[in-house]
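K.L.:
Turn this into a model:
(chains A and B)
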Amino acid sequence: MKFLDNRLVKVGAEVQTAEEAIKEAGNLLLKEGVIEETYVDAMVNAFKENGPYFVLAPKIAIPHARPEDGVKEASVSIVQLKEPVKFGHKTNDPVQLVFGLGAASSDEHLTLLKKLTGLLNDTRNVEALINADSLEDVQTILEMER
Amino acid sequence: MMKVLTVCGLGQGTSLILKMNVEQVLGERSIQADVEHTDVSAASSMQADYIITSNELAESLGGHSAKVIIVNNYFDMDEINQAIDEHIAD
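P.N.:
Reported below is the predicted structural model:
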């Protein structure tokens, strides 16, 4: 299980579109070896097919696909965008934090989602993550939550 | 027992997050309910009293016999509380 480990954090990513933002979040998981390349494609396809419903809260997107699309280990990455990007969501656009979710079928999946929900239920954490300037800033926010 | 479905596109991630927060709110109010998470296509053939989902997916569930409740911010416990106040708790 990998939850926002150092190599799964990217601060100040420069992207132009929602699709690029989803790929950034997916590629962090891919480079870490916790998903297969097919999963990144599936994340993008889920967006194309089902729309931006995974923009769960103002400024926050949690793109993901199904475990069978190529997840090796339950995992969550974060990409903080330098400039916010529109996903086409009626109330929660534009997005500035993209959490790539490697959805596994194990119990760890539930544990990860609990951790993520605990983090994001507090709007102070969300604001702090949006304003973070470095990996160290993000680490500090995550440590305070632990 | 009251049956509640939380629904997202794939039934894997976001509906589970919503389920956790809905269960917490219902628990705090001592409302007994069976909360299950699922994807939007499976939801259409499932029995339920209430469906809680995003605005984006609510349209495709319009024909369902359950009452559809929209939550825009899945991490805003106030909004979830209010939605449950308006539609479920009485």
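K.L.:
was I right about B:Gly62 contacting B:Val68?
P.N.:
Yes: contact criterion Cβ atoms under 8 Å: B:Gly62 and B:Val68 qualify, at 7.2 Å. All C-beta atoms are positioned from the backbone trio N, CA, C, and that covers glycine.
K.L.:
So if I had to pick from these two, which one is more boxed in?
P.N.:
Taking other Cβ atoms under 10 Å in any protein chain shown, B:Gly62 and B:Val68 do not tie; B:Val68 has more neighbours (20 against 7).
K.L.:
what's near enough to touch residue 58?
P.N.:
Because you didn't say which chain, this covers chain A. Under the criterion of Cβ atoms under 8 Å, 6 or more residues apart in numbering or on different chains, the neighbours of A:Pro58 are A:Thr91, A:Asn92, B:Asn73.
K.L.:
wait, chain B
P.N.:
B:Ala58 makes contacts with B:Val68, B:Ile70, as judged by Cβ under 8 Å, 6+ apart.
K.L.:
name the element it belongs to?
P.N.:
Here B:Ala58 sits within helix B:55-58, counting by DSSP states H and E.
K.L.:
list the buried ones in that helix?
P.N.:
Using 16 or more other Cβ atoms under 10 Å in any protein chain shown as the test for burial, helix B:55-58 gives B:Glu56, B:Leu57, B:Ala58.
K.L.:
Show me which residues of chain A sit near chain B.
P.N.:
A:46, A:49-54, A:56-58, A:60, A:62, A:64-67, A:89-92, A:101, A:103, A:109-110, A:113-114, A:116-117, A:120-121, A:123, A:126 (Cβ under 8 Å from any Cβ of the partner chain).
K.L.:
which non-adjacent residue is nearest the residue in chain B that chain A sits nearest to?
P.N.:
In chain B, the residue that lies nearest chain A is B:Gly9 (3.4 Å; Cβ to the nearest Cβ). What sits nearest to B:Gly9 in space, not counting adjacent residues and going by Cβ to Cβ, 6 or more residues apart in numbering or on different chains, is A:Asn50, at 3.4 Å.
K.L.:
And that neighbour, what's its pLDDT?
P.N.:
Per-residue confidence (pLDDT) for A:Asn50: 87.
K.L.:
Any of the residues of chain A next to chain B buried? List them.
P.N.:
Buried among the residues of chain A next to chain B by 16+ other Cβ under 10 Å: A:46, A:50-54, A:56-58, A:60, A:62, A:64-67, A:89, A:92, A:101, A:103, A:109, A:113, A:116-117, A:120-121, A:126.
K.L.:
all strands in chain A, in order from the N-terminus.
P.N.:
A:2-3, A:9-13, A:60-61, A:75-85, A:95-102 (DSSP state E).
K.L.:
now the ones you listed as TSV including mean pLDDT?
P.N.:
TSV is the format used below for the strands of chain A (pLDDT from 0 to 100):
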stretch	mean pLDDT
strand A:2-3	96
strand A:9-13	98
strand A:60-61	97
strand A:75-85	98
strand A:95-102	97
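K.L.:
Adding distance to B:Leu18, write those strands out as TSV.
P.N.:
Shown next, in TSV, are the strands of chain A (distance: least, Cβ to Cβ, whole Å):
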stretch	distance to B:Leu18
strand A:2-3	20
strand A:9-13	25
strand A:60-61	13
strand A:75-85	17
strand A:95-102	14
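K.L.:
B:Asn21: which of the ones you listed is closest?
P.N.:
strand A:60-61 (13.7 Å; Cβ to Cβ).
K.L.:
tell me the angle the helix of greatest length in chain B makes with strand A:95-102.
P.N.:
Identified as the longest helix of chain B according to DSSP state H is helix B:14-28. Relative orientation of helix B:14-28 versus strand A:95-102 (axes from the mean of the first three to the mean of the last three Cα atoms, to 10 degrees): 100 degrees.
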